[in-house]
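J.: Okay, predicted coordinates and the sequence, questions at the end:
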2 protein chains.
Amino acid sequence: MSEKIHAGKGGFTLPAQAGMDDVVLDLAQRWGADAFRDSDGTELSESITELGYDIYSTLCLIRADQEWNNAHPEDHQQKFLYSTPQTARADTMEIEIMARYSKEQYRIDEINDCKKYWEVVNRTTGEVVPVSDWDYAEGVVTVRNCAKWNVYSVNFLVYQIWETTSMYNHITNNWGDKPHQSGIDPRKKETREHIYQFLVKWLETHPNTDWVRFTSMAYQFPIITNPKSETLYQDWYGYLDCMSAQALDEFEEKKGYRLRPNDIVDNGYFNSTDRVPTKAYLDWIEFVHEFMVEFTKQCVKQVHDAGKKAVMFYCDHWIGTEPYKPAFQEIGMDGIIGPCINGREVRRVADVPGGMLKELRLYPYFFEVDLMGEPTFKEGGDPVRDCKKYWMWIRRAMLRKLVHRIGYGGYLDLAIKFPDFVDYLEYQTKEYYALCENSQFTPAEAPLKVGILNAWGAHRSWGYDVTWPLGSITESLSGQPFDVEWICFDDIRGGVPERFDVIINYGYAGTSWSGGENWTDPRVVFAIREFVDSGGGLVGVFDPTSHENGGTFYQLWDILGVQKEYGLSGDCKKVIPTDIAQGHFIAADLASTKPALGKHVQTIYPCIESTQIIAKDDEGSVTIAANDFGKGRGVYLAGFELGAEQNRLLQRAIWFAAGREGEMEKRWFASNIETEIAAYPETGKYIVINNSNDPQTTTVVDGEGRAKTVELDANASAWFDFEGNEI
Amino acid sequence: MSEKIHAGKGGFTLPAQAGMDDVVLDLAQRWGADAFRDSDGTELSESITELGYDIYSTLCLIRADQEWNNAHPEDHQQKFLYSTPQTARADTMEIEIMARYSKEQYRIDEINDCKKYWEVVNRTTGEVVPVSDWDYAEGVVTVRNCAKWNVYSVNFLVYQIWETTSMYNHITNNWGDKPHQSGIDPRKKETREHIYQFLVKWLETHPNTDWVRFTSMAYQFPIITNPKSETLYQDWYGYLDCMSAQALDEFEEKKGYRLRPNDIVDNGYFNSTDRVPTKAYLDWIEFVHEFMVEFTKQCVKQVHDAGKKAVMFYCDHWIGTEPYKPAFQEIGMDGIIGPCINGREVRRVADVPGGMLKELRLYPYFFEVDLMGEPTFKEGGDPVRDCKKYWMWIRRAMLRKLVHRIGYGGYLDLAIKFPDFVDYLEYQTKEYYALCENSQFTPAEAPLKVGILNAWGAHRSWGYDVTWPLGSITESLSGQPFDVEWICFDDIRGGVPERFDVIINYGYAGTSWSGGENWTDPRVVFAIREFVDSGGGLVGVFDPTSHENGGTFYQLWDILGVQKEYGLSGDCKKVIPTDIAQGHFIAADLASTKPALGKHVQTIYPCIESTQIIAKDDEGSVTIAANDFGKGRGVYLAGFELGAEQNRLLQRAIWFAAGREGEMEKRWFASNIETEIAAYPETGKYIVINNSNDPQTTTVVDGEGRAKTVELDANASAWFDFEGNEI
């Protein structure tokens, strides 16, 4: 029956619930559902699973058998934590290593030899304290021979005794006495074998299940909490929860060197994805990935052997699977499902390589509160307002890259208390199905190829934006009419690949997103200069190409035309005029030369005479500039704040950087900045959308350069064929 | 006759001018002048010099004999410049090395061997290009075997053919055809001998001169100009103009290693005083200083031998004399005179060690335009407004540290066109004389000793503020009722000296003022932690104690209680509450918890639970915080903007950091923040000043804790004896 899923018309997954058969059937019809799913905390009754709809069954292998988990505490998942940095006031100090962490979440590892696996670090000098100078007992590390007034902390192993998603759901839904679930580590051989056997049994006992929805495979991205259950640390890409004493030993065997605990703890930064990754951390990621590919492959094989399909929730315990790495394809997963609140998250799923089914689980989740802790499906909440807001962001990204299915999750009994929400989903699903139908999942025309350059590249595609859930520049790019690809420095050290028209580098100085020390690699600056000189474009936002070297901070000042003053060159007078270049192409849709650019970078000044200043802030710092370099161009934006004006600004910046600004308004262009257009040459149709909460009139130019006026209600969209007839 | 000068009543130096004897005499009486001076461009007639007043005669030895200078072009002063960084587009590139520089100011050194003294640098890799790979001819360096798309520039020697002060005065006063004067280098033996002989003759031919006012000794601080005569670079402390091929060779001989040109050029930063100084640069300063002490000592000896006194203008060609270094005392200078536009500049002169006469040359200078190029003594100018503004800043600093004399410079014929200015100076001089009379140059009571800690310390005392001429935190400190001393990291590596109650560290990250890498020295953090733990105070402003190390950016986060987020720890959630500590001592005179702090540092968050949040900005970033540490305290200010409210804020911060906030209002305290009080125990008098342009009523508390209401007109001051009787 699961053939329906790929019918090419777009599908919808409805979170069903036992005892609500009539409601489920009614909503299935209104929302066009073709599949039902359960959620953490809900079950599907047999009466529902036998209605002929596809059945998704969630399965979280590492916490599915709590009995096993409870019997094997030594196989619980582990991670390295670091104790609160503590300043030595005497020769000896006692460090209560769990002080900042939740004891409900973690238990100190007293099984493996702490002298072998932990380290005490003098954070002032960076030196590791000799193991003879410290001891551990009952939650406390006692350090001797301390250097007074130096700062120390301990990198120590814990077992995670309350699994992260279980903890989140438990706390969010006030589950009170419901037992805390633990997660088990499949790296342990006996446990791994048990999981495989468990899965065989599970498949046998779920005859009505069509799709095993793995939520997800083994290792969660880290959410570290403190004793008050507040989140201390969270990184969607973090490789912390896949650690263990055994993994550390196996890593050494496989990679030929031993990781230091601090290679993972990273002085408390925990290798946040905002950090330029070290070689050790990249090796660690690869090591975990290699294991997870093997483990997941085996699980998927079992699912296939049982005649079912496997789909992975691309969140929660996705760590190690790495859908953007080539080996993911070897796993044989039939689909992936990503949670999605905005356009960036559409693209994070939609852009995953390979032909598997892609589905988005939209927000709001049918819980009483949302991810920000605000009320949703309860008094004070307004799920329609939330849903509509997210949909406006999501829809524009879907115009560029579509997914095969959408759906929701959570408790249906909460959702049906909001009839206007039920109505809104009818509208939303219709709009989604029209997009599937009229585009047939073929790509929209993209006149330019844009590369987003940072230290992570493709493996973290659509993985970063400045804010969340409302994004900034990444969000804007997710719906821009360009072919966007994420690339890393290794991709360009030998030269920028020919397919690119424009490279974008954005992020704060010193972060992985800007690139840090990579910009001192002569191969990197060679590649970009060669690329731009030959006609390519470089768009830099925030602190592009930044790293102090050779007397400059923005290494590609000669392309960008601007430089940043941060205190070292106050004596160097800035004599190049900062007159605004009147009527610049890039500024054409700005209401003023002081556009809202959020929290932007200061103090920026032109560093070469040729720089075109397009906008400045109240303090005179340049906020938008452009510059010619050989046959190409650089464009600088000091910041970015999501909005219609700024979307168009970015669009113009990219066209201008590519040197093709004359073409922008000639094909598939919507004049009103609140509206956007996307055309599907393969189906001969195009869509015009209104991103705003007001009615809009816009003039659209089609593929032949013919103009046409379109009126759209608030938030509405309209379809046309290539002759201009509304569909 | 010059004995008058030290009469203890305060003196005034009047810039006289030939042919204006009556005016000069009249003004001398009205302003209480006891000395006349000439200026660059003016002369004193014999009739004036014989009036019985002390006569100051300006003398700039290095440009005094233009005939000699013109005959010895090889002895003109030299410096290293660096050519505009240029991106290599091919194997070979031509660099026009003077492109960004004024050819009126500099001539390329074609006398000394460029292959020996210059270097071509690949700024991308930092490598020096082999001399075999480049040639120089006719203003152009041709570089071969370039790495394409790497950036190159040349560190090259020039002769300065137009002396800096001559150039400034010439351009400012539109001197048209008047010849450009050059400066000669006393390091050249023959020239040095000639200068000594010239001075002998000059002394013989100036019998009426009492004081030889050296303006100044040999080497100017750098003002580098471009072809449009715009200032490209200016650093009041810069050791660029004391360079020469000979000096480079002598340095090697004396210090045992050879400087690279880039040790001076510093990749184009020219060792700006904002940079953390390198050892090479400090050695270079010391090398020049050693030479200048010997040279100046000889000049002063000749002056003394002629029965005259020597006084040095502490500006222009002061480089190498280093009044704050111990060897300056060996020179035997009878006095120093500093230009002074604000309180910081008062203190820069007044705090110079030693008992020599100290004089301030106030602003506005009697020129048609001021240092900012705005009209002063011409149509559109308002010299009274300017003078009054400066005097308000100057007076409050003089309350703390007084100088023996004040005066003006320039063209008297310009000044007398503004009768209200002439009147105002009568008021100003009377106020100054009262201060001299009532304080008898004894120190005001200072209840706390404050150290300003940076990478320069005492040698650059009062050498930095965030803005000019209106300063910021340094300006505020110049008039605070504390004993302030500038110290460097070397002064504390062995422990903070006992005399200090509070240490202040302020400046932007990475600069010499904040301290940069010094903060990773365990001795430095040891010293400050030990100091604060024992009851001392640390006040940090902007980016105090900042350098990324061991997982923290503000190294003394445990004292300051706050940390800066700059993009690496976005994943680390900031869960410590940022509630404002209501009714905090430090905030007591703030109109709101969002005080104006100028361009301040963001994003600042509390990093330990004990942090007291005192103010936040609109984005929620902490702007003022305090924290206990042992027996001492830390206080953090994210920025500072000069004003009455902020002066009091800083005053409170210092008292609070010292743990003595209970004493602040008990002695010598003025309640109204627009007013200040200073008491002179040795004379038994105190003064109350009104810094504002409105009348003010204030309650002052005297040394016995007795309160008294004082009414002051706008800008006025009032003197009292310790019994509270107005004088």
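T.: Received the coordinates, thanks.
J.: quick one: the strands in the stretch 551-700 of chain A?
T.: Secondary structure of the stretch 551-700 of chain A, counting by DSSP state E, counting those that start in this stretch: strands at A:552-554, A:562-564, A:604-606, A:612-616, A:622-629, A:632-637, A:669-670, A:675-680, A:685-690, A:696-701.
J.: ok, and for the fifth one, which residues are buried?
T.: If I follow you right, that is strand A:622-629. Neighbour-count burial for strand A:622-629, counted by 16 or more other CB atoms under 10 Å in any protein chain shown, picks out A:622, A:623, A:624, A:625, A:626, A:627, A:629. All C-beta spots, glycine's among them, are computed from the backbone N, C-alpha and C.
J.: out of the strands of the stretch 551-700 of chain A, which comes closest to residue A:30?
T.: strand A:685-690 (23.1 Å; CB to CB).
J.: Same list (the buried residues of strand A:622-629) but as a markdown table, adding pLDDT and distance to residue A:327.
T.: Output for those, formatted as a markdown table (pLDDT from 0 to 100; distance: CB to CB, whole Å):
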| residue | pLDDT | distance to residue A:327 |
| --- | --- | --- |
| A:622 | 95 | 45 |
| A:623 | 96 | 43 |
| A:624 | 96 | 42 |
| A:625 | 96 | 42 |
| A:626 | 97 | 41 |
| A:627 | 97 | 42 |
| A:629 | 97 | 39 |
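J.: Quick check: the two most widely separated of the residues you listed?
T.: A:623 and A:629 (20.1 Å).
J.: Show the pLDDT at the residue nearest the centre of chain A.
T.: By CA atoms, centre = their mean, chain A has its centre lying nearest to residue A:463, at 3.2 Å. According to the prediction, residue A:463 has pLDDT 95.
J.: so residue A:223 bridges to which residues?
T.: In this structure, residue A:223 bridges to residue A:234 when assessed by DSSP bridges.
J.: which ones are touching whatever residue of the stretch 551-700 of chain A ends up closest to chain B?
T.: Nearest to chain B, among the residues of the stretch 551-700 of chain A, is residue A:551, at 3.0 Å (CB to the nearest CB). Residues in contact with residue A:551 (CB atoms under 8 Å, 6 or more residues apart in numbering or on different chains) are B:85, B:123, B:266, B:267, B:268, B:269.
J.: Surely the first one and residue B:150 touch.
T.: Read it as residue B:85. No: assessed by CB atoms under 8 Å, residue B:85 is found out of contact with residue B:150, at 10.2 Å.
J.: okay, the two: which has more neighbours?
T.: Neighbour totals were compared for residue B:85 and residue B:150, and residue B:85 leads with 23 against 20 (other CB atoms under 10 Å in any protein chain shown).
J.: Let me know whether the longest strand along chain A sits next to chain B.
T.: Secondary structure of chain A per DSSP state E: the longest strand is strand A:151-160. Yes: Strand A:151-160 is in contact with chain B by CB under 8 Å from any CB of the partner chain, via residue A:151.
J.: picking that back up, what subset of the contacts of residue A:551 is also close to chain A?
T.: Applying CB under 8 Å from any CB to those, those adjacent to chain A are B:85, B:123, B:266, B:267, B:268, B:269.
J.: Got a quick ChimeraX command for the buried subset of the residues you listed?
T.: Here is the ChimeraX command that selects only those of these that count as buried (16+ other CB under 10 Å):
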select /B:85,123,266,267,268,269
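J.: Show me chain A divided up by domain.
T.: Using automatic domain parsing, the domain parsing of chain A gives A:2-65+A:186-234+A:307-437, A:66-185+A:235-306, A:449-663, A:669-721.
J.: a markdown table please, covering those and showing distance to residue B:330.
T.: Shown next, in a markdown table, are the domains of chain A (distance: least, CB to CB, whole Å):
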| stretch | distance to residue B:330 |
| --- | --- |
| domain A:2-65+A:186-234+A:307-437 | 60 |
| domain A:66-185+A:235-306 | 39 |
| domain A:449-663 | 30 |
| domain A:669-721 | 72 |
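J.: so which of those comes closest to residue B:422?
T.: Across the domains of chain A, closest to residue B:422 is domain A:449-663 (CB to CB), at 35.0 Å.
J.: before we move on, the earlier item: okay, the strands of the stretch 551-700 of chain A, which one's buried deepest?
T.: Each of the strands of the stretch 551-700 of chain A was scored by mean neighbour count; the highest is strand A:632-637, a mean of 28, by mean count of other CB atoms under 10 Å in any protein chain shown.
J.: Output the contacting helices and strands for that strand.
T.: helix A:522-533, strand A:537-542, helix A:557-560, strand A:622-629, helix A:644-657 (3 or more CB pairs under 8 Å, 6 or more residues apart in numbering or on different chains; DSSP states H and E).
J.: Quick check: the gap between residue A:637 and residue B:111.
T.: Distance of residue A:637 to residue B:111, computed by CB to CB, to the nearest Å: 49 Å.
J.: where do the helices sit along the stretch 1-150 of chain A?
T.: Per DSSP state H, counting those that start in this stretch, the stretch 1-150 of chain A carries helices over the ranges A:21-31, A:46-49, A:61-64, A:66-71, A:114-117.
J.: ok, of these, where does mean pLDDT dip lowest?
T.: helix A:46-49 (a mean of 85).
J.: buried set for that one?
T.: Using 16+ other CB under 10 Å as the test for burial, helix A:46-49 gives A:48, A:49.
J.: who touches that helix?
T.: Outside helix A:46-49, the residues that reach it (CB under 8 Å, 6+ apart) are A:16, A:18, A:21, A:24, A:36, A:55, A:208, A:209.
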